[in-house]
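**Student:** missing the sequence, but the structure's below:
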């Protein structure tokens, strides 16, 4: 299983940037990941455009950081005319899966922007951007990552 992770609206609220709230939900996600040790993480957040993989890994605890195995390509790097201009985040995820020979693998995206995915995308776990990931979300997320 691969978890594609957005930051804004997931690991912290996306309403306004309050430095005190940055990554406030990270411990919740890390607890879920500790309970699901076979889940790899790929960063799909726009943070990947400003930070190298090592920098992104350093934002997580030492036991979780090595499980962050990559970042999705940027939309403009994808040569996929079939999805041009639509469902950008899902297209980036699918491009990563193809380029890493993992298209057959189960995946789940945790994101607060459902419009970046095809309607009714079964692989999307949507969070509320006003709160980001909550304890209640984590119960459901852990179950989805188990199945």
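**Tutor:** Right, received. Where do you want to start? Everything numeric in this text was worked out from a predicted model, so none of it was measured. Numbering: from 1, shown residues only.
**Student:** okay, now the unreliable bits of the protein?
**Tutor:** Applying pLDDT under 70 to the chain flags residues 15-18, 76, 79-85, 147.
**Student:** can you pull out the strands in it?
**Tutor:** Here the chain has its strands, by DSSP state E, at 2-5, 40-43, 68-71, 107-111, 124-126.
**Student:** distance to residue 19 added to those, as TSV?
**Tutor:** For the C-beta atoms, the positions are set from N, CA and C on the backbone; glycine is no exception. Below are the strands of the chain laid out as TSV (distance: least, C-beta to C-beta, whole Å):
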stretch	distance to residue 19
strand 2-5	21
strand 40-43	21
strand 68-71	23
strand 107-111	23
strand 124-126	26
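**Student:** out of those strands, nearest to residue 100?
**Tutor:** Among the strands of the chain, strand 68-71 comes nearest to residue 100, with 7.2 Å by C-beta to C-beta.
**Student:** check which residues of that closest one are buried.
**Tutor:** 68, 70, 71 (16 or more other C-beta atoms under 10 Å).
**Student:** what would those residues look like in CSV with distance to residue 86?
**Tutor:** Formatted as CSV, those follow (distance: C-beta to C-beta, whole Å):
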residue, distance to residue 86
68, 27
70, 24
71, 21
